[in-house]
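[1] no sequence for this one, just the structure:
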């Protein structure tokens, strides 16, 4: 699917507020409401837009431990390990990386016990050599989108 300037303008509007009515988006970009509707439907169908998600402050919900965890594995099971880890509800991101670690995960926990259980679960696998856990002290920026 090719993305043109109209699609980019629509995406920029959705980044500001994904609940914005099609009518308002159309007005802001100088296109018809039908065009906006059709373009959004097309981008959803093609996987450009994967969903509409609220931007939640998880610390206000008690998720005070934000972690970055490096995982070193062995053998050809790392892809299975990454997929399994991605299913954990505390995990917000799993990256298959190069370097000292095979995978990097970002996770949010409400307490040390949840973190402890997660790390022990990972380390109990035979294909995991080691983990390296970092706790964040402060969140300076946390945004899962880039400016288009």
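    Nice, I can see it. Every value quoted in this text rests on a predicted model; they were computed, and no experiment measured them. Numbering: from 1, shown residues only.

[2] what's the closest residue to residue 64 other than its chain neighbours sitting at in phi/psi?
    Excluding the flanking residues, the one nearest residue 64 by Cβ to Cβ, 6 or more residues apart in numbering is residue 110, at 6.9 Å. For glycine as for every other residue, the C-beta is placed from the backbone atoms N, C-alpha and C. Main-chain dihedrals, residue 110, degrees, to the nearest 10: phi -80, psi -20.

[3] After the helix or strand bottoming out on mean pLDDT in the chain, which helix or strand is next?
    Among the helices and strands of the chain, helix 78-86 carries the lowest confidence by mean pLDDT, DSSP states H and E, at a mean of 92. Next along the chain after helix 78-86, taking DSSP states H and E as the criterion, comes strand 91-96.

[4] Mind checking the pLDDT average for that following strand?
    Throughout strand 91-96, pLDDT has a mean value of 96.

[5] can you map out the strands along the protein?
    Assigned by DSSP state E, the chain shows strands spanning 65-73, 91-96, 103-109, 128-135.

[6] hang on, the earlier thing: next, work out how far apart the residue nearest to residue 64 and residue 87 are.
    According to Cβ to Cβ, to the nearest Å, residue 110 and residue 87 sit 19 Å apart.

[7] Kindly report the same for residue 80.
    Taking Cβ to Cβ, one finds residue 80 at 11 Å from residue 87.

[8] Which one's more surrounded, the two?
    residue 80 (13 against 8; other Cβ atoms under 10 Å).

[9] burial count for the residue nearest to residue 31 when sequence neighbours are not counted?
    Leaving aside its chain neighbours, residue 31 sits nearest to residue 6 (6.2 Å; criterion: Cβ to Cβ, 6+ apart). When neighbours are counted by other Cβ under 10 Å, residue 6 registers 14.

[10] same deal with residue 36?
    Neighbours around residue 36, by other Cβ under 10 Å: 25.

[11] Could I get the contacting residues of it?
    10, 22, 25-26, 29 (Cβ atoms under 8 Å, 6 or more residues apart in numbering).
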